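S.K.: Here's a sequence, model it:
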Amino acid sequence: MPSQVRLMVARLDRLMERIVVYRPTGRRAKPWKLFTALLLVGAFLVQIWPATQPVVDLYVFPVLVACFFLRRDGLKTIPIGLVLYHLGAMIEGRLSWRVLLLNDAIHLLEWGVLSMFVLVTLEKYVAVRQLEANIRQDLQLAKTLQTALVVREYELGKVRIDGTIHQCNDVGGDFFYFRPFQEKYVTFCLGDVMGKGISASLLMSMVMSFMFEWGKKSPSPSFVLKKLNHRLMRLWASHSDFFLAMVYAVYNEQEQTLTFAGGGHQGGLILRRDGSIEPAATEGLPLGVLEEAEYAEKTVAMTAGDRMVLCTDGVTEARGPGGELFGGERLAQVLRQGVGLSGRELVERLEAAVLRHTGGNYTDDLAILVFEVKQE
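M.R.: I've put the predicted structure just below:
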């Protein structure tokens, strides 16, 4: 029922927009001018009808209609309405010229204020709608650019990475990033900038550029995260409500080890080839919170068929219709059931499980990344 109400309100809003934004010009304005003239004549005839008292507000409706459709040209109907009112009153002999002239100033002020209110309201409405249209266009462009920044599949040598991102708004702050480093390393990360929308999207793009800069300087996740944290502390000095949750990992192909660190993030899960699952927890503070924060590294062996699964809180904290969280246990269960699947299939199964839990709706931005050491 609420969805039907929202749909009806949306339709009424679109109808109102078409009516208000519609501004006839040239030949299209002639019917409305004729309609306004007929309204004025009708008000005049009602006024001189023997059983009718001379009510000046009869002419307000034609004036407002003219201002609604003809905009500023509608102000020309104010003196016409006053003249017709004078004429009708004098025909009936109900009012003297002195009374009419005395009331003119009051009625002119009243009609002028009402007309200007209508005009200003219409112009503001049109301006707001135009601004919304421009914002939607900019958001669509931003969405296209943000989508282009994220490569959802990567395969090189013994490594394959698959991922997906869904933003609740057109753009958002969830992201992942990966790239080869030197000859034996593959680096990858997944993060969540606090917030949603344009600000989170801009911060996400900035963070990805920093990762590109420092990710090629050292194979140490701790080094990269500390550099990024220092930069964010300087940039966000006047915005203490911003922070970044992130996991950064480096795979050494020669030694078959994965070293990772993180801040403000629950970490990932290691899905072994035999179906067993090991936690890959991180313990650091969110980035951009404390200047001297430390990010401890952990190293695990990663052999053929092993995977590391990372996801943002849009997965584990996704809420069902009753408010129940998706949680880590459901996440682990989905991973166990997907041992024989490809990385892409595992990503899709996990995303589908989240949607089933929430009733088909995304409750938060979501990012999933599966790093896999390919089998021979």
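
S.K.: all helices in the protein, in order from the N-terminus.
M.R.: 2-21, 30-48, 60-70, 77-92, 97-149, 197-215, 221-235, 313-316, 327-337, 343-358 (DSSP state H).

S.K.: Only C-alpha atoms, please: export stretch 252-270 in CSV.
M.R.: Output in CSV follows, covering the C-alpha atoms of stretch 252-270 (Å, rounded to 0.1, in the frame of the first residue of the first chain):
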residue,chain,number,x,y,z
ASN,A,252,53.4,-12.3,-3.3
GLU,A,253,53.2,-14.8,-6.2
GLN,A,254,56.7,-16.2,-5.6
GLU,A,255,56.2,-16.9,-1.9
GLN,A,256,52.5,-17.6,-2.2
THR,A,257,51.7,-15.4,0.8
LEU,A,258,49.1,-12.7,1.3
THR,A,259,49.9,-9.8,3.6
PHE,A,260,47.0,-7.5,4.7
ALA,A,261,46.1,-4.8,7.1
GLY,A,262,43.1,-2.6,7.6
GLY,A,263,41.3,0.1,9.6
GLY,A,264,37.7,0.4,10.6
HIS,A,265,36.8,-2.7,8.7
GLN,A,266,35.9,-6.2,10.0
GLY,A,267,38.4,-7.7,7.6
GLY,A,268,37.7,-10.6,5.2
LEU,A,269,37.4,-14.3,5.1
ILE,A,270,39.9,-16.8,3.7
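
S.K.: one step back: among the helices of the chain, which one carries the weakest average confidence?
M.R.: Sorting those by mean pLDDT places helix 2-21 lowest, at a mean of 63.

S.K.: sorry, back to before: let me have the helices of the chain in a markdown table, extended by mean neighbour count.
M.R.: (Glycine included, C-beta is placed from N, CA and C.) Output for the helices of the chain, formatted as a markdown table (neighbours: other C-beta atoms under 10 Å):
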| stretch | mean neighbour count |
| --- | --- |
| helix 2-21 | 10 |
| helix 30-48 | 16 |
| helix 60-70 | 21 |
| helix 77-92 | 18 |
| helix 97-149 | 13 |
| helix 197-215 | 18 |
| helix 221-235 | 20 |
| helix 313-316 | 20 |
| helix 327-337 | 15 |
| helix 343-358 | 18 |
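
S.K.: could I get these as CSV with distance to Leu271?
M.R.: Below are the helices of the chain laid out as CSV (distance: least, C-beta to C-beta, whole Å):
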stretch, distance to Leu271
helix 2-21, 38
helix 30-48, 69
helix 60-70, 64
helix 77-92, 75
helix 97-149, 27
helix 197-215, 24
helix 221-235, 20
helix 313-316, 15
helix 327-337, 5
helix 343-358, 8
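
S.K.: now for those, which one comes closest to Leu156?
M.R.: With C-beta to C-beta, the closest approach to Leu156 among the helices of the chain belongs to helix 343-358: 13.5 Å.

S.K.: just checking, what packs against that closest one?
M.R.: strand 159-166, strand 307-311, helix 313-316, helix 327-337, strand 366-373 (3 or more C-beta pairs under 8 Å, 6 or more residues apart in numbering; DSSP states H and E).

S.K.: would you put the C-alpha positions of the fourth one in CSV?
M.R.: In CSV, the C-alpha atoms belonging to helix 327-337 read as follows (Å, rounded to 0.1, in the frame of the first residue of the first chain):
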residue,chain,number,x,y,z
GLY,A,327,25.5,-11.1,9.6
GLY,A,328,28.7,-13.0,9.4
GLU,A,329,27.2,-16.4,9.8
ARG,A,330,25.1,-16.1,6.7
LEU,A,331,28.1,-14.8,4.8
ALA,A,332,30.2,-17.8,5.8
GLN,A,333,27.4,-20.2,4.9
VAL,A,334,27.0,-18.7,1.4
LEU,A,335,30.8,-19.0,0.9
ARG,A,336,30.8,-22.7,2.0
GLN,A,337,28.1,-23.5,-0.5
